[in-house]
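In: any chance you can model this:
(2 chains)
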Amino acid sequence: MTKTRIEVDHVARIEGHGDIHLEIADGKVERCEFAVTEPARMFEGMVRGRYFEEVPYISSRVCGICSASHTVTDILAIERIFGVEVTPRTRAIRQLLIYGSFLQNHATHLFVFAAPDFLGHKSVFPLADASPQIFEGALALKGLGNELCNKVGGRSIHPITAVVGGFTNELSPAEYIELADKMDSMLDFALQAVDLFNDFSVSSFETEGDMLAMVNPGEYPIVGSDKAQFVRAGISFDCQNINDYIEEYALDHSAAFLAVMRENKRPYFASALARVNSSWDALTEPARFAAAKAGLRPPEYNPFANNVAQAVEIVDALIRCSSICRALAKDEFEGTSTPVEFQVRAGRGVGFTEAPRGALFHELEIDNEGRIVSANIITPTSQNIANIEADMRLLATLLVEEGKAPDDIQLEIEKLVRAYDPCLSCSVH
Amino acid sequence: MSETTNIPRVVVIGLASCFGCQINITNIESHLMEVLGQIDVRYWQLTSSDTMPDEFDVAVIEGAATTKEALETLASVRERAKVVITIGACAATAGIPGMAAPEWQDRINDVYGDNTPAIVSDIACKPQAVHDVIKVDYEVPCCPIDPYAFVHVLQKALYGSNEYSRTSTMCGECKRNERGCFYGRGILCMGMITKQGCGARCPNLGRPCNGCAGLSPDANLDAARVVVQHSGVPLKRFNDALAMFNQDDPRIAL
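Out: Predicted coordinates for the structure are as follows:
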């Protein structure tokens, strides 16, 4: 009997702490776990009884990378409950804020976490000597994401200005134009990055899971639509009914909840790749062309393609942010971003955004004094863990069949996990 | 300092947190290399897979202690480090994770119900500030830290300083900015009792202070409560907000 055992204590270059346990005997996977060992901070418990105003501020602390997404998603849940209608201008600025975290996240994931695997390095730092142009471009891209969040939200992480009803501060037209110019100047490098990630060779296989993304006809939505879609099953649902479509469950080896589709218990992948698959036609033209040139066309179910999908989204985000900034500078969106008036009332509501790593849901119940009765946060990574485990099982079986050495299998499995861009502190929260 | 060279060996350790303070340090790319040039980073979980070395001079710690392993790590770090610096509110006061500390078991039940995974019940313990577990030499406050405040504290730790810690409240800094006061509009603000040093960053952007720097040694809570009540803000709101970043401070007890 041949037995392959792969044990990775603390997968490197992902956010948070997770271990891999994989045992394969005679080509059969006997154990396959992606164990999330990150300490839980009990966000859903700590916000109970707290006044609604504090809650987006608290929940942004779930994650230092996608804090803007957590803030906006919480605000949307509260606005849903209170019946707050914000202005088109506020909606545009929220989009800008979330795109800021897309740029931060995708640049960090692609260059700091993923690229070293393909270039044969242990970290990003050797890239400074090997390919200074790429290293500097990557830093500049990450820096621009920081600057966008910093300018719009008041801080590069944990935004200050985003509140229920609007924003407490706004940039001047000149500052918006300056940001737009910087977005334009990063575009060439972003297009090169798509080619770079296309050049990296990856295992050829398809996930058996589904994919989930926000949809809205004619748009590439990241905030502002309530509609979610399972790409493969073609099932769409309103985010307010999330519990009818998504089932969360606990396992002893994971501090994070896992999730499957309620209807068929199938795991799924929420991600940039899911968005590219579901809203392909609405990508900006240069982003869509770059994707097609890189061989990424829907339907694409190889999870490794998430790297190229993120690179494509950087191109798309730069173009959109530039155009939003210019429109804000010219006052083309109706209304101001000054927070609108509202009345506190009791109810339940779900906020939904596309965080950089995929669909993010915050479900809140508030009493008539404005205090939180219950909260549930469903992050992209916690939705993806079941699919990561299923893909690990599938890929490991393939590699064993191909007669690959255990070291090579381990590296390939780690690359797979990193392609999912998991954030374990988010997943546990 | 190291025996063989003058370059201090530094380790950066992340406990329960959002990783935001460490990320904020990487966000000063242009100055980062100048700072890193003065130190020898031997271990930084977030950026490298190198394992923790046995010998080092300075330990930089982010996050609250919420696991048994974290308590052991802290004890072993204190034994070896000449200087311990904490970054951020989670480490300084248990911060946001500390909000779950009172009635800790209930908070676990809120999240997991009857299905608490073994991995959580095996490792979790009640959130604590780092200085409640080991002696801390320097603290960089706020949630998240201002990376330049970190650089300032690191310089103090590396080269020494005769600078006194300022004890006044954020409210004074804010007044000098002449942007008006939230209390005049019946809005809760924690600036009256919160440590100064941030330059009133949030009020400058139209948002009241949430108290992330922690209570100032000069904080007069009784007087602050009188002001709160006079302004028509419910006292419960003030007392609840106090608990957000001061879990380990006995002064918040009612």
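In: alpha carbons only for contacts and neighbour counts from here, please
Out: Will do.
In: so what's the residue nearest to residue A:428 when sequence neighbours are not counted up against?
Out: In space, residue A:428 comes closest to residue A:256 once its chain neighbours are excluded; the distance is 4.4 Å by Cα to Cα, 6 or more residues apart in numbering or on different chains. Residue A:256 makes contact with A:36, A:40, A:250, A:382, A:424, A:427-429, according to Cα atoms under 8 Å, 6 or more residues apart in numbering or on different chains.
In: the residue of the stretch 1-150 of chain A found nearest chain B: neighbouring residues, count only.
Out: Residue nearest to chain B within the stretch 1-150 of chain A (Cα to the nearest Cα): residue A:64, separated by 3.9 Å. Residues near residue A:64, counting by other Cα atoms under 10 Å in any protein chain shown, number 23.
In: and it, that's in a helix?
Out: No: assigned with DSSP: H, G, I helix; E, B strand; the rest coil, residue A:64 falls outside any helix and is coil.
In: verify the contact between it and residue A:156 for me.
Out: No: using Cα atoms under 8 Å, residue A:64 is not in contact with residue A:156, being 9.3 Å away.
In: whatever residue of the stretch 51-200 of chain B ends up closest to chain A and residue A:265, how far apart?
Out: The nearest approach of the stretch 51-200 of chain B to chain A comes at residue B:117, 4.1 Å away (Cα to the nearest Cα). Remark: distance between residue B:117 and residue A:265 (Cα to Cα, to the nearest Å) = 20 Å.
In: and the contacts of residue A:256, which two are furthest apart?
Out: Maximum pairwise distance in those, criterion Cα to Cα, is 15.0 Å, between A:250 and A:424.
In: more crowded one of these two?
Out: Each of residue A:250 and residue A:424 has its neighbours counted (other Cα under 10 Å); residue A:424 has more, 26 against 17.
In: next, give phi and psi for the residue minimising distance to the centre of chain A.
Out: Central residue of chain A (Cα atoms, centre = their mean): residue A:357, 1.4 Å from the mean position. Per-residue torsions, residue A:357: phi -90, psi 0 (degrees, to the nearest 10).
In: which residue, other than its chain neighbours, is closest to it?
Out: Closest to residue A:357 by Cα to Cα, 6+ apart is residue A:271, at 5.1 Å.
In: from chain B, how far off is that neighbour?
Out: The gap separating residue A:271 from chain B is 20 Å, by Cα to the nearest Cα, to the nearest Å.
In: give me the number of residues near that residue?
Out: There are 28 residues near residue A:271, going by other Cα under 10 Å.
In: verify the contact between it and residue A:379 for me.
Out: No: using Cα under 8 Å, residue A:271 makes no contact with residue A:379, being 11.0 Å away.
In: name the residue in residue B:117 and residue A:265 with the higher neighbour count.
Out: Ranked by neighbour count (other Cα under 10 Å), residue B:117 and residue A:265 place residue B:117 first, with 17 against 13.
In: can you classify residue B:42 by secondary structure?
Out: strand.
In: flag the least confident of the contacts of residue A:256.
Out: Across the set of the contacts of residue A:256, residue A:40 stands lowest in pLDDT, at 87.
In: so who does the most centrally placed residue in chain B touch?
Out: Taking Cα atoms, centre = their mean, the centroid of chain B lies closest to residue B:89, which sits 1.9 Å from it. Contacts for residue B:89 were tallied using Cα under 8 Å, 6+ apart; they are B:63, B:95-96, B:141-145, B:212-214, B:245.
In: repeat that for residue A:287.
Out: Neighbour list for residue A:287: A:312-313, A:315-316 [criterion: Cα under 8 Å, 6+ apart].
In: near chain B too, which of those?
Out: Applying Cα under 8 Å from any Cα of the partner chain to the contacts of residue A:287, one finds that nothing falls near chain B.
In: reformat these as a markdown table; add distance to residue A:20.
Out: Shown next, in a markdown table, are those (distance: Cα to Cα, whole Å):
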| residue | distance to residue A:20 |
| --- | --- |
| A:312 | 29 |
| A:313 | 29 |
| A:315 | 33 |
| A:316 | 34 |
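In: now render these as a markdown table, adding secondary structure.
Out: As requested, the contacts of residue A:287 are exported to a markdown table (three-state DSSP):
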| residue | secondary structure |
| --- | --- |
| A:312 | helix |
| A:313 | helix |
| A:315 | helix |
| A:316 | helix |
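In: neighbour-wise, which of the residues you listed leads?
Out: Busiest of the contacts of residue A:287 [other Cα under 10 Å] is residue A:312, holding 32 neighbours.
In: list the residues that contact it.
Out: Residues near residue A:312 by Cα under 8 Å, 6+ apart: A:191, A:194, A:287-288, A:290-291.
In: likewise for residue B:64?
Out: Counting by Cα under 8 Å, 6+ apart, residue B:64 has contacts B:15-17, B:90-95, B:97-98, B:127-130.
In: grab the nearest non-local neighbour of the residue of the stretch 251-400 of chain A found nearest chain B.
Out: Residue of the stretch 251-400 of chain A nearest chain B, by Cα to the nearest Cα: residue A:252 (4.1 Å). Spatial nearest neighbour of residue A:252, excluding adjacent residues (Cα to Cα, 6+ apart): residue B:117 at 4.1 Å.
In: phi, psi of the residue of the stretch 1-150 of chain A closest to chain B?
Out: The phi/psi pair for residue A:64 (degrees, to the nearest 10) reads phi -80, psi -10.
In: can you report how many residues lie near the closest residue to it other than its chain neighbours?
Out: Leaving aside its sequence neighbours, residue A:64 sits nearest to residue B:20 (Cα to Cα, 6+ apart; 3.9 Å). Look at residue B:20: counted by other Cα under 10 Å, it has 26 neighbours.
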